[in-house]
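Student: Predicted structure and sequence below. I'll ask about it afterward.
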There are 2 protein chains.
Amino acid sequence: MSAAHPTLEAVAAHAGVSRATVSRVVNGTPGVRPELREKVKRSVAELGYVPNSAARSLVTRRTGAVAVVIAEPETRVFADPFFARQLRGISRELSANDLQLLLMLVEDDADYQRVGRYLAGGHVDGTLMFSLHVNDPLRGIAAASGLPTVFGGRPWWPGWEDDASLVYVDTDNRDGARQAVRHLVDRGHRRIAVITGPLDQTSAVDRLAGYCDVLDVPEPDPALHAHGDFTLEGGARAMAELLDRSPAPDAVFAGNDLMATGALRTLRARGLAVPEDVAVVGYDDLDPAAWSDPPLTTVRQDIVRMGEIMARLLLENLNEPEPKARSVIIPTELVVRASA
Amino acid sequence: MSAAHPTLEAVAAHAGVSRATVSRVVNGTPGVRPELREKVKRSVAELGYVPNSAARSLVTRRTGAVAVVIAEPETRVFADPFFARQLRGISRELSANDLQLLLMLVEDDADYQRVGRYLAGGHVDGTLMFSLHVNDPLRGIAAASGLPTVFGGRPWWPGWEDDASLVYVDTDNRDGARQAVRHLVDRGHRRIAVITGPLDQTSAVDRLAGYCDVLDVPEPDPALHAHGDFTLEGGARAMAELLDRSPAPDAVFAGNDLMATGALRTLRARGLAVPEDVAVVGYDDLDPAAWSDPPLTTVRQDIVRMGEIMARLLLENLNEPEPKARSVIIPTELVVRASA
DNA sequence: GGCGAGTGTGAGAGCGCTCTCATGCCGTGC
DNA sequence: GCACGGCATGAGAGCGCTCTCACACTCGCC
């Protein structure tokens, strides 16, 4: 509990130099004689000096903080460790660059307004935004704030492709789906069905597109397409629907592991063997995928890395006034287990 | 992209009053004629004035930010939506009070140092800390920072019970376990086994204590006690161990849902019926508990609320120089499903 | 030996705000 | 009619820092 917080002034007096010199040493600005530099450093250590960030950012116009805005429905945030992983990656990268992570969870309209005001108030240097909503206000909020922004997940609003200043990071959902479906094709499956997630989310849409790519169709055969909602129950229900059609599919690509697990449940209930009667592939490779019975063949995406890259892109934009960072798509990888 | 950020000065000029008056209006300080107050408010709105927090906190010595420090092994943070929920609760409460949430994830020793320096630097008004580690450095870091601090989860270090200034929030693990085991007893089970989590975590220890309470023993019967690690595999293994002893248990209380699910798997593999041959109770009531086969009887804890209460206690300590907030234990609730 | 270039250091202004204190105005009471 | 208390307002200092600019000093060169 040293004597409160010493100021620059105090350190300067202690070291017998001017405030300016101490400032230079503290900030690593060149142009200070090495011996003086050492002396100042000793004083800093001795007094336990820590710069006052408020005073600093008052003059530098830099806050040293980045806002992470998450506008997701509860379900999604809680359903999987997605955000925990993402935050881990972001946190790593930011703290390596001495930036603070300000977390803003938005739930209702009032939150959007609060976030908007806060960002416009210049309390942070940049933002990282997460949202799946088709036409989320975050896009406008980010623009209005004038802050460098990186989006998590491919955005989806009218004309986004033409917005050259837009930077986002996403995993390669489309290619992941391609790998999954190609695997099924390679195993000799002919009637490959698809259970899609909510088609107002880019991840679900892109995975469906990958499925179509491999089968070389513009749209899925309605007989082989069932709609799920990324939940286990939805997957179970969709699988039941598919089985009730004839001829029944001999393989299923589910939009995520949860739905794949639901499908497995339905198959077991009907006495069908996996993968002999029906092969199943999931998506995400969350822990439960390996625990399912049989263990799930699925697509893995590196979420921690996605967070790191988002932070890194933002850092680039922070330092260059002219944003030159471009969006990044993170590759995905098929993990083959017993279910297909 | 309005004309940069107007200052107090600008608003004052626009409204034809002094800086001091604008400040009074912005901060809601009484003693301004209503009509003047209105006029100033109009100017604020018109110019889109937002106070500069750096300048403000430079003079008030308040930062308007709270650090949330999470020092948890990856596994734990990712294994369940615990922290997402927790953060949701904290975030709600903080933003309702116009406080920012600064998230600090600590992974290695360097992180501890960084956090220590940061907190000691007075960049935040208070901290919320999470750690399960027996002797986590966070305790010392919190003390050294001199900041109001609330811990998440019962702390566990020598002499913590005598530390009157300590404030923590936890769920009532012990009573939750009591409810679970009492339920098994009430159903007529006689040989009730327990699968514990890692006994260097308070939650695992407290749940074991609740088990002992109901059975009225100082320690679990070694024949009925197996060690797990809060993972599915661990639960499966522990269940196998228990079944290999004789006489085998007719019920199992697992320290969490993951281990309970593992136990179910082993039981199914051995052709035993649940709950007829062996009843199973879990703990946590995460989503997968309801999806298991059969659905898990388990203990629910209100994690969002835990976060809210942590934030609320911190707020009290922030405003009262003399900490008077006391720790809070959140009640738990048994959820009866098919497994017991 | 004098001059310019180069380098290291200090003085001082000012970032935007809060808050104390002085000032001015009104109404009340004798 | 004058003194006084109370209330609304403004002037100004100062929070701790950065950064520009002026100054001092050293060196090399003609």
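Tutor: Thanks, I have the structure now.

Student: So for residue A:106, what's the nearest residue that isn't a sequence neighbour?
Tutor: residue A:71 (4.4 Å; C-beta to C-beta, 6 or more residues apart in numbering or on different chains). All C-beta atoms are positioned from the backbone trio N, CA, C, and that covers glycine.

Student: how deep is the one you found tucked in, by neighbour count?
Tutor: Neighbour count of residue A:71, defined by other C-beta atoms under 10 Å in any protein chain shown: 21.

Student: which residues touch the nearest residue to residue A:57 once chain neighbours are set aside?
Tutor: Distances taken as C-beta to C-beta, 6+ apart put residue B:54 closest to residue A:57, at 4.4 Å, once the chain neighbours are dropped. Residue B:54 is in contact with A:53, A:54, A:55, A:57, A:58, A:63, counting by C-beta atoms under 8 Å, 6 or more residues apart in numbering or on different chains.

Student: from those, which is closest to DNA strand C?
Tutor: Nearest to DNA strand C among the contacts of residue B:54: residue A:58, at 4.1 Å, using C-beta to the nearest atom of the strand.

Student: Could you give the backbone dihedrals for that closest one?
Tutor: Dihedral pair for residue A:58: phi -60, psi -40, per degrees, to the nearest 10.

Student: Now it: closest residue in space that isn't a chain neighbour?
Tutor: Closest to residue A:58 by C-beta to C-beta, 6+ apart is residue B:54, at 4.3 Å.

Student: Can you name the helix or strand that the one you found falls in?
Tutor: For residue B:54, the host element (DSSP states H and E) is helix B:53-60.

Student: Kindly report the same for residue A:46.
Tutor: helix A:34-47.

Student: right, is that helix up against DNA strand C?
Tutor: Yes. Contact of helix A:34-47 with DNA strand C (C-beta under 7 Å from any atom of the strand) involves residue A:36.

Student: tell me what that helix is packed against?
Tutor: helix A:8-15, helix A:19-26 (3 or more C-beta pairs under 8 Å, 6 or more residues apart in numbering or on different chains; DSSP states H and E).

Student: Centre of the chain to that helix, how far?
Tutor: Offset of helix A:34-47 from its chain centre (C-alpha atoms, centre = their mean, to the nearest Å): 42 Å.

Student: Report the buried residues of that helix.
Tutor: Neighbour-count burial for helix A:34-47, with 16 or more other C-beta atoms under 10 Å in any protein chain shown as criterion, is recorded at A:36, A:37, A:39, A:40, A:43, A:44, A:47.

Student: And the helices in chain A, which stretches?
Tutor: Ranges of helices in chain A, per DSSP state H, are A:8-15, A:19-26, A:34-47, A:53-60, A:74-79, A:82-96, A:109-120, A:138-145, A:173-186, A:202-215, A:232-244, A:257-269, A:287-291, A:303-319.

Student: Can you pull the residues of the stretch 101-250 of chain A lying near chain B?
Tutor: Contacts of the stretch 101-250 of chain A with chain B, taken as C-beta under 8 Å from any C-beta of the partner chain, map to A:101-105, A:107, A:111, A:114, A:117, A:120-123, A:146, A:232.

Student: List buried residues within these.
Tutor: Buried, going by 16+ other C-beta under 10 Å: A:101-105, A:107, A:111, A:114, A:120-123, A:232, out of those.

Student: Between all of these, which two are separated the most?
Tutor: Based on C-beta to C-beta, the longest span within those runs between A:122 and A:232 and measures 44.3 Å.

Student: what about residue A:205, distance to chain B?
Tutor: Separation of residue A:205 from chain B (C-beta to the nearest C-beta, to the nearest Å) stands at 24 Å.

Student: go on, residue A:315?
Tutor: Relative to chain B, and taking C-beta to the nearest C-beta, residue A:315 is found at 17 Å.

Student: Any idea how many residues pack against the closest residue to that residue other than its chain neighbours?
Tutor: Leaving aside its sequence neighbours, residue A:315 sits nearest to residue A:97 (C-beta to C-beta, 6+ apart; 5.8 Å). Using other C-beta under 10 Å, the number of residues around residue A:97 comes to 15.

Student: give me phi/psi at residue A:97?
Tutor: The phi/psi pair for residue A:97 (degrees, to the nearest 10) is phi -110, psi 20.

Student: surely it meets residue A:316?
Tutor: No. Residue A:97 lies out of contact with residue A:316 (C-beta atoms under 8 Å); the separation is 10.9 Å.

Student: Which residue ranges make up each domain of chain A?
Tutor: What automatic domain parsing lists as the domains of chain A is A:8-51, A:65-171+A:304-330, A:173-301.

Student: what residues are up against residue A:153?
Tutor: If you count contacts by C-beta under 8 Å, 6+ apart, then residue A:153 has A:130, A:131, A:132, A:168, A:169, A:170, A:202, A:203 around it.

Student: The same query, at a cut-off of 6 Å, please.
Tutor: residue A:170 (C-beta atoms under 6 Å, 6 or more residues apart in numbering or on different chains).

Student: ditto for residue A:120
Tutor: residue A:145.

Student: Closest residue of the stretch 51-200 of chain A to chain B?
Tutor: Relative to chain B, the nearest point of the stretch 51-200 of chain A is residue A:121 (3.7 Å; C-beta to the nearest C-beta).

Student: For DNA strand C, see how far away that residue is.
Tutor: Distance from residue A:121 to DNA strand C, counting by C-beta to the nearest atom of the strand, to the nearest Å: 9 Å.

Student: just checking, residue A:262 touches residue A:232?
Tutor: Yes. If you go by C-beta atoms under 6 Å, residue A:262 and residue A:232 touch, sitting 4.2 Å apart.

Student: tell me the pLDDT at the residue nearest to residue A:315?
Tutor: Listed pLDDT for residue A:97 reads 90.

Student: and what of residue A:180?
Tutor: Per-residue pLDDT puts residue A:180 at 98.

Student: Leaving out chain neighbours, which residue sits closest to it?
Tutor: That would be residue A:281: by C-beta to C-beta, 6+ apart, it lies 4.5 Å from residue A:180.

Student: How about residue A:270?
Tutor: residue A:243 is the one closest to residue A:270 (C-beta to C-beta, 6+ apart), at 6.3 Å.

Student: Could you give the number of residues near that neighbour?
Tutor: So residue A:243, with other C-beta under 10 Å, has 20 neighbours.

Student: ok, the spatially closest residue to residue A:260 that is not a sequence neighbour - contacts?
Tutor: Leaving out its chain neighbours, the residue that sits closest to residue A:260 by C-beta to C-beta, 6+ apart is residue A:282, at 3.2 Å. Residue A:282 makes contact with A:254, A:257, A:260, A:289, A:296, A:298, according to C-beta under 6 Å, 6+ apart.

Student: Relative to residue A:127, how far out is residue A:120?
Tutor: 11 Å (C-beta to C-beta, to the nearest Å).

Student: let me fix that: residue A:189
Tutor: Counting by C-beta to C-beta - residue A:189 and residue A:127 are separated by 44 Å.

Student: Would you mind telling me which of those two has more residues around it?
Tutor: residue A:127 (24 against 21).

Student: Could you tell me which residues of chain A lie near DNA strand C?
Tutor: Counting by C-beta under 7 Å from any atom of the strand, chain A sits next to DNA strand C at A:16-21, A:24, A:30-33, A:36, A:55, A:58-59.

Student: Look up the pLDDT of the closest residue to residue A:225 other than its chain neighbours for me, please.
Tutor: Of all residues not flanking residue A:225 in the chain, residue A:194 sits nearest, at 5.6 Å (C-beta to C-beta, 6+ apart). We have a pLDDT of 98 for residue A:194.

Student: Surely residue A:194 and residue A:254 touch.
Tutor: No. Between residue A:194 and residue A:254 there is no contact under C-beta under 6 Å: 7.8 Å.
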